[in-house]
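[1] got a structure for you, letters missing:
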């Protein structure tokens, strides 16, 4: 999308930040000027396309070899499926598992080290509002990966997220457990419906996407490029949808914590403590205090892009060079 989007307060300018830059693991960061980026198949996808074409050609020339060519194709499909079941894999395309090095503050003395706190599966009435209060009390910023149909049901909470200067991102429209089994049209529909709902409710165009449970298939990256979205997974997670132990969740998030980490919590589908409280409400204040003690600034993913753009100038100034 470009220009402005007619949100609930009338037309407002949509934020556009920077151009395409190198991202983690050799990937590319989505273009932030609204124009779609070109899909570039990963080495695994390119190899799979070559294998399929080769298997078809060999089968036509040597029909009696079909058991071998079929076995090769099935083995390739198994590898593709396993790659999609590994949320932090880069085999199917660019995937943020850490913040870009410059955004994390690496090598730039004037820029404090940063991490990204990401919160999934909302908006959730009562829980998300209290999460916003905790973040505000600590002066922290977070990225909320929201489910489209929940934004549709609770647009005022989505607007509150944006009004508090946090970022809202795309977590699909329905958060289907079978998301990784969808075909090209189904994947694209889940993404585009959530994009439209988020833009309608908040006037913001999401620039990041997280797959439900982190599971995906080879059809996802082409759909993300058309929507100008960057896939994001995480560095570490607390499994706070299944564990009611705030101490265990906190420990998982902070073990070997360092700048550039992307941390995952949940306001929706949150497990409950023995006292019945959503785990995130007990973990988040402790986590933010731990980040402050470690001198790690919690920033949004969009802010990470801004840091990446600003870092070369900051580095030049710090070294005494003329900008």
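    Cool, the structure landed. If you're wondering where the values come from, they're calculated on a predicted model, not measured in any experiment.

[2] Now do the same for residue 275: helix, strand or coil?
    Following DSSP: H, G, I helix; E, B strand; the rest coil, we place residue 275 in the coil state.

[3] Please give the number of neighbouring residues around it.
    Residue 275 is flanked by 8 other residues according to other Cβ atoms under 10 Å. All C-beta atoms are positioned from the backbone trio N, CA, C, and that covers glycine.

[4] All the strands of the stretch 101-250 of the chain, residue numbers only.
    With strands called from DSSP state E, counting those that start in this stretch, the stretch 101-250 of the chain shows them at 114-122, 143-146, 167-170, 208-209, 230-231, 236-237.

[5] Of all these, which one is nearest residue 53?
    Distance to residue 53, taken as Cβ to Cβ, is lowest for strand 230-231 among those, at 26.5 Å.

[6] Parallel or antiparallel, list what pairs with that closest one.
    Counting by DSSP bridges, the strands paired with strand 230-231 are strand 208-209 (parallel).

[7] Let me know the average pLDDT across the strand it pairs with.
    Averaged across strand 208-209, pLDDT comes to 98.

[8] Please identify the most buried of the strands of the stretch 101-250 of the chain.
    Comparing the strands of the stretch 101-250 of the chain on average neighbours per residue, with mean count of other Cβ atoms under 10 Å, the densest one is strand 143-146 at a mean of 29.

[9] helices or strands up against it?
    Contact partners of strand 143-146 among helices and strands, from 3 or more Cβ pairs under 8 Å, 6 or more residues apart in numbering; DSSP states H and E: strand 114-122, helix 155-163, strand 167-170, strand 208-209.

[10] Name the nearest residue to the one residue sitting closest to the centre of the chain, ignoring sequence neighbours.
    By Cα atoms, centre = their mean, the mean C-alpha position of the chain lies nearest to residue 232, the distance being 2.7 Å. Using Cβ to Cβ, 6 or more residues apart in numbering and skipping the chain neighbours, the partner closest in space to residue 232 is residue 96 (4.3 Å).

[11] can you check residue 104 too?
    The shortest distance from residue 104 to any non-neighbouring residue, by Cβ to Cβ, 6+ apart, is to residue 260 (3.2 Å).

[12] Residue 215 too?
    residue 180 (4.0 Å).

[13] Make sure the one you found is actually in contact with residue 211.
    Yes. Using Cβ atoms under 8 Å as the test, residue 180 is close enough to residue 211 to be in contact (7.2 Å).
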